[in-house]
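Undergrad: what's the 3D shape of this:
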Amino acid sequence: MRSRNVGQMARRAIVVASVVMTSAGAAAVAATESGPTPTLPVVPAVVAQPSELEVFPAPGPAAAPVPADVVTQTGSWFAHGTTLDLWSDGTGLLATWVGAFDGDRLSLRLIPAPGPATVAEIVAIETVGQGALAPDERPGLGGLVTVIFDAVPHADAAGGEGLRTAHVEWTSGPHRHAVDLCPAHGLDAAAMETLGCGA
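TA: Residues are numbered from 1 along each chain as shown. Presented below is the predicted three-dimensional model:
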């Protein structure tokens, strides 16, 4: 009887020891798994200061050309009571006269336009005396005047190399009007007669 009790006690001791060892192992594993993770080296963040940043300004709108930027010809032209003056600042004056005291002056400002023609906007109209333009010939403010320059025929013989005539057109309502003008300087009488220039 006593030996049987001793045997039971020994078995219980073995079971308890096994449980203790199992618990200890599980605790060790848990401690290993939940323990602190290894720390990685800390890399300092580099933040550029505002003074170190390269600033690129946003591109602005392209500057609109001024009248002087679109000048291709300057000078004076005339024929049969009509005169045209174009200046280097991109302004001009187209004038039509009947006699010495009656006329119309159209102040011009050159504007950009595609193609070879010089285009100007009418910015002011002045009537002198009774005026010279008929009602259906008179343009309005903001109207356009187109000038096409052409080389003067036989300019070398006339001593006017590089001179150009001016073909001028403008509109008045549905009507389109045109006049051909000769350069005011550099032509001799023969060249003026050939071109049909007149005062």
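Undergrad: Correct me if wrong: V123 contacts R109.
TA: Yes. V123 is in contact with R109 according to CB atoms under 8 Å; the separation is 5.0 Å. C-beta: built from backbone N, CA, C; applies to glycine.
Undergrad: Have a look at those two and say which one is more surrounded.
TA: Higher neighbour count among V123 and R109: R109, with 16 against 12, using other CB atoms under 10 Å.
Undergrad: other SSEs contacting the helix or strand the more buried one falls within?
TA: Using DSSP states H and E, R109 sits within strand 102-111. For strand 102-111, the packing partners by 3 or more CB pairs under 8 Å, 6 or more residues apart in numbering; DSSP states H and E come out as strand 91-98, strand 118-128.
Undergrad: tell me what the host helix or strand of V179 is packed against?
TA: Using DSSP H and E, V179 sits in strand 175-183. Applying 3+ CB pairs under 8 Å, 6+ apart, one finds that strand 175-183 contacts strand 75-79, strand 82-86, strand 164-172, helix 189-195.
Undergrad: CA atoms only: put that strand into CSV for me.
TA: The C-alpha coordinates for strand 175-183 follow below in CSV (Å, rounded to 0.1, in the frame of the first residue of the first chain):
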residue,chain,number,x,y,z
HIS,A,175,-17.4,100.2,-99.1
ARG,A,176,-13.7,99.6,-99.6
HIS,A,177,-11.5,102.4,-100.8
ALA,A,178,-7.9,102.4,-102.1
VAL,A,179,-5.3,104.9,-103.3
ASP,A,180,-1.8,104.4,-104.6
LEU,A,181,0.8,106.8,-103.3
CYS,A,182,4.4,107.6,-104.4
PRO,A,183,7.3,108.3,-102.1
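Undergrad: can you pull the buried residues of it?
TA: By 16 or more other CB atoms under 10 Å, the buried positions in strand 175-183 come out as 177, 179-183.
Undergrad: For the chain, give me the ranges with low pLDDT.
TA: The chain contains residues with pLDDT under 70 at 1-65, 153-162, 198-199.
Undergrad: Since that was my last question, I'll sign off now.
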